[in-house]
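Peer 1: Whatever this is, show me its structure:
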Amino acid sequence: RAPRPARPRPPSKHRRTRPHSRHAKAQSSTMSEKTEWEDALVKHGIIKKTVKGPTQDELDFKAQEAESARDKLDDLTLDDLDEAEDDLDDEVLNKYRAKRIAELQAAASKNKFGEVYQISQQEYKQKVSVASNEGDGVFVFLHLFSFGKLDCRLLNQHMASVAQKFKYVKFCKIVGSDCIQNFPDEKCPTILIYYKGNIFKQVEGISELGGKRMTAETLIWKLIEWKVIDAQMEKNPFENLNSIKVTRTSRRDEDDMDF
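Peer 2: Got it, this is the predicted structure:
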């Protein structure tokens, strides 16, 4: 008598199938064995223990942090660096101290003028064109003036004020007819700005500087605009020029004024 075939059992509603559980256990077991094997090789000095390196995101974040720290240090003065001495690594501290000292020395070597120099025709080449070629280049602001002209007096007056503030620009003045033979007084004041041996900018008259209402601030504003000085002004001084009252000095004041 032949045995009856086994009747297939329907799947239970409450039975959960885990098709990958056996594979996952085998994989976990393999990884565990691999780790133990590597540990044994490391223990006996056969291989070196491998350390998982940082991810690219972690490297980028650290680079950004370092860059931010460098930016902050770039803004610190020598006194600020002294105060932060306990918080900074000695190598980093010494590096930025040396950098700041070098910057101060470079600035001191450039900030050597600070006044308006009156020159003669014989001195023109050496003190203007040659001087503008010194180092990385020097801006030389030259005023061709005529005695007795209000515009020339105004410009000389405000040049003296600006020269004291921006000592890396050389301000000079020369009588127009001494500089160029038969130079007409009508063309005074004329401004010549030299840089690296060449005429960088030429301006006739002071209308561009505010005319008879010009101030030291309007002169600074134009020098910034012409890229002669590196500075910033919060407000445009030309906006209030119309409120400035123009008064003419007496002849005695003109005679006493130093040109």
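Peer 1: what kind of secondary structure is residue 231 in?
Peer 2: coil (DSSP: H, G, I helix; E, B strand; the rest coil).
Peer 1: please begin residue numbering at 6 from this point
Peer 2: I'll keep to 6 as the first residue from here, and by that count the last item is residue 236.
Peer 1: which residues sit in contact with it?
Peer 2: The contact partners of residue 236, by C-beta atoms under 8 Å, 6 or more residues apart in numbering, come to 171, 225, 229. Quick note: C-beta positions are derived from backbone N, CA and C, even for glycine.
Peer 1: Which ones among those lie within strands?
Peer 2: Per DSSP state E, strands hold no members of these.
Peer 1: Now the buried members of the residues you listed.
Peer 2: Buried members of those, scored by 16 or more other C-beta atoms under 10 Å, are 171, 225.
Peer 1: how many neighbours does residue 195 have?
Peer 2: By other C-beta atoms under 10 Å, 21 other residues sit near residue 195.
Peer 1: Test my guess that it contacts residue 181.
Peer 2: Yes. With contact defined as C-beta atoms under 8 Å, residue 195 counts as touching residue 181 (6.7 Å).
Peer 1: okay, and the common contacts of these two?
Peer 2: residue 149.
Peer 1: Closest one to residue 118 out of the contacts of residue 236, please.
Peer 2: Nearest to residue 118 among these is residue 171, at 8.5 Å by C-beta to C-beta.
Peer 1: Need phi/psi at that closest one.
Peer 2: For residue 171, the backbone dihedrals (degrees, to the nearest 10) come out as phi -120, psi 80.
Peer 1: Would you state the helices of the protein in chain order?
Peer 2: Secondary structure of the chain (DSSP state H): helices located at 26-48, 61-79, 83-88, 95-115, 129, 155-170, 181-184, 221-230, 256-261.
Peer 1: Can you tell me the closest non-neighbouring residue to residue 223?
Peer 2: Nearest in space to residue 223, with sequence neighbours left out and distances taken as C-beta to C-beta, 6 or more residues apart in numbering, is residue 215 at 4.1 Å.
Peer 1: and that neighbour, what pLDDT?
Peer 2: Residue 215 carries a pLDDT score of 95 in this model.
Peer 1: if I pick it, what's in contact with it?
Peer 2: Shown in contact with residue 215 (C-beta under 8 Å, 6+ apart): 223, 242-243, 246.
Peer 1: could you check the distance from it over to residue 65?
Peer 2: Noted for residue 215: a distance of 51 Å to residue 65, by C-beta to C-beta, to the nearest Å.
Peer 1: And for residue 180?
Peer 2: 64 Å.
Peer 1: can you pick the most crowded of the contacts of residue 215?
Peer 2: Going by other C-beta under 10 Å, residue 223 tops these with 22 neighbours.
Peer 1: Please tabulate the contacts of residue 215 in JSON lines, including the columns pLDDT.
Peer 2: Supplementary listing: the contacts of residue 215 in JSON lines, determined by pLDDT from 0 to 100:
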{"residue": "223", "pLDDT": "96"}
{"residue": "242", "pLDDT": "93"}
{"residue": "243", "pLDDT": "92"}
{"residue": "246", "pLDDT": "81"}
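Peer 1: related to what we said a few turns ago, lowest-confidence stretch among the helices of the chain?
Peer 2: Looking at the helices of the chain, the bottom one is helix 256-261 with a mean of 45.
Peer 1: Now residue 119. Nearest residue, chain neighbours left out?
Peer 2: Nearest to residue 119 is residue 172, by C-beta to C-beta, 6+ apart, at 4.2 Å.
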